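S.K.: Test case, fold it:
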Amino acid sequence: MNAQRPDLRRPDGQPVRVLVVDDEPTLAELVTLAVRYEGWEARAVHDGATAVRTAREFRPDVVVLDIMLPDFDGLEVLRKIRAETPRLAVLFLTAKDAMEDKLAGLTAGGDDYVTKPFSVEEVVLRLRALLRRSGVAESGAGASIVVGDLVLDEDAREVTRAGTEIQLTATEFELLRFLMRNPRRVLSKTQILDRVWNYDFGGAANIVELYISYLRKKIDTGREPMIHTMRGAGYVLKPAG
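M.R.: Numbering: from 1, shown residues only. A predicted model of the protein is given here:
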């Protein structure tokens, strides 16, 4: 059985539009790729003036917006954009040393923020929640991923196998979600590190082996295995049987 990815779309059926604003091209590209993986449209720009102009032309449903930009900061970008689109949803990207007096502005009006460094999976999760909360997108297939008798609920962050609930840590949940979004596909350790851990994660690849072993104990123990090792290639999750 193929994974059922929740299909979040505009109420008119068109794909969600996301504008990514960050002066680090590599980071902007990573976020853009993750957004397109969801089936959404995306554009990336690297300064405030271009962001304001692109927002007017592209008419995004949500903006991923870095606070620190080369011309003017993200709060000023937001002010200019919202002058024309008052209800536009925004997810801010902030540095760890962001000033406290700016944090109050980040959460105003139901907006959200993530702190660098972050995983792109976390950004997508926050975007989904923000889009649903703002009412600009609807889920066409529910927020569950299903592979065989394994079900992962993205909203409730719950996992069951054959109806039995399985308790996972946050990292185990993210790892399982990535595996379930790619059923029957062999995923290398490098791919898993890039998607589950921070984009610039510098740790040893054996952390993947460790967390795969944790998942196996919880998902496969006493049952027909779903998580398989492909020697020299990586790991694959597929329905039992």
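S.K.: Go ahead and measure how far the helix or strand Val114 falls within is from the middle of the chain.
M.R.: Using DSSP states H and E, Val114 sits within strand 112-115. In terms of Cα atoms, centre = their mean, to the nearest Å, the centre of strand 112-115 is set 12 Å apart from its chain centre.
S.K.: ok, and for the helix or strand following it, which residues are buried?
M.R.: Downstream of strand 112-115, the next assigned helix or strand under DSSP H and E is helix 120-134. By 16 or more other Cβ atoms under 10 Å, the buried positions in helix 120-134 come out as 120-128, 130-132, 134. Where you see a C-beta, it was placed from the backbone N, CA and C, and this is true even at glycine.
S.K.: Closest to Lys238 out of these?
M.R.: Glu121 (21.0 Å; Cβ to Cβ).
S.K.: from what I can see the closest one touches Phe178, true?
M.R.: Yes. Using Cβ atoms under 8 Å, Glu121 is in contact with Phe178, at 7.0 Å.
S.K.: Spit out the residues that contact the two alike.
M.R.: Common neighbours of Glu121 and Phe178, using Cβ atoms under 8 Å, 6 or more residues apart in numbering, are 195-196.
S.K.: For stretch 30-41, which outside residues touch it?
M.R.: 5, 7-8, 15-18, 20, 22, 42-44, 64, 120-121, 123-124, 127, 199.
S.K.: Pull out the buried positions in that stretch.
M.R.: Buried, per 16+ other Cβ under 10 Å, within stretch 30-41: 30-32, 34-35, 38, 40.
S.K.: any idea which of those is least confident?
M.R.: Of all the buried residues of stretch 30-41, Glu38 has the smallest pLDDT value, namely 86.
S.K.: now the strands: where do they sit in the chain?
M.R.: Ranges of strands in the chain, per DSSP state E, are 8-9, 17-21, 41-45, 62-66, 89-94, 112-115, 138-139, 144-147, 150-153, 158-161, 164-166, 227-230, 234-237.
S.K.: Rebuild the ones you listed as CSV, extending it with distance to Leu215.
M.R.: Converted to CSV, those look like this (distance: least, Cβ to Cβ, whole Å):
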stretch, distance to Leu215
strand 8-9, 26
strand 17-21, 30
strand 41-45, 30
strand 62-66, 29
strand 89-94, 28
strand 112-115, 25
strand 138-139, 26
strand 144-147, 13
strand 150-153, 11
strand 158-161, 10
strand 164-166, 9
strand 227-230, 6
strand 234-237, 9
